[in-house]
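In: Attaching a predicted model along with its sequence, questions to come.
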Amino acid sequence: MMHEPDRWRQMASAPKDGSRILVTIRPSEQGPAEVDLAYWSSGDRFGSEGWRASDSAPGCIIEYAEPELKCWMPLPSANLNRTSMPSPWEGDDAEQLDGAGI
């Protein structure tokens with residue numbers, strides 16, 4: 001049982017080892033902020049180096065540009081599905097992430 005919920009962290013500290021993480025996608029013309037499961041890809045024949053949605057498939061790669069991603073957090077240890085996703089980070093100020101500025 002976790003005593004403290006995972007906190008959103010700045011993207012600069014996100015792991016680029018291919019492990020899956022949760023990311024907050026910034027709101028845009030396409031819609032409001034949302035949370036997705038993503039991983040860092042070092043690039044392959046399907047796409048360039050960068051962040052990809054974990055439900056990407058060869059021929060249908062969903063890539064995120066660095067500015068689209070606001071922050072990240074490690075995956076909770078429990079099995080994750082869409083209904084147990086945390087809320088997107090709504091703060092506008094990176095200093096509030098990682099528990100700083102409190």
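Out: Perfect, I can see it now.

In: pLDDT below threshold where in the protein?
Out: 1-5, 77-84, 93-96, 98-102 (pLDDT under 70).

In: Please, where are all the strands along it?
Out: Applying DSSP state E to the chain gives strands spanning 9-10, 21-25, 34-41, 50-53, 63-64, 69-74.

In: of all those, which gets the most neighbours per residue?
Out: strand 21-25 (a mean of 22; mean count of other C-beta atoms under 10 Å). Where you see a C-beta, it was placed from the backbone N, CA and C, and this is true even at glycine.

In: contacts for that strand?
Out: Contact with strand 21-25 is made by 8, 11, 14-15, 33-39, 51, 64, 68-75, 85-86, 88-89, as judged by C-beta atoms under 8 Å, 6 or more residues apart in numbering.

In: repeat that with 7 Å
Out: By C-beta atoms under 7 Å, 6 or more residues apart in numbering, the surrounding residues in contact with strand 21-25 are 8, 14-15, 33-39, 64, 68-75, 86, 88-89.

In: So which residue is smack in the middle of the protein?
Out: V23 (1.4 Å; C-alpha atoms, centre = their mean).

In: Quickly note the distance from that one to P76.
Out: Counting by C-beta to C-beta, to the nearest Å, the separation of V23 from P76 is 14 Å.

In: Let me have stretch 70-77 in CSV, keeping just the CA atoms, if that works.
Out: This file holds the C-alpha atoms of stretch 70-77, laid out as CSV (Å, rounded to 0.1, in the frame of the first residue of the first chain):
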residue,chain,number,x,y,z
LYS,A,70,4.2,18.5,-19.8
CYS,A,71,5.5,16.1,-17.2
TRP,A,72,5.7,12.4,-16.2
MET,A,73,5.4,9.9,-13.4
PRO,A,74,6.4,6.3,-13.0
LEU,A,75,3.8,3.7,-13.6
PRO,A,76,1.9,2.6,-10.5
SER,A,77,2.7,-0.9,-9.4
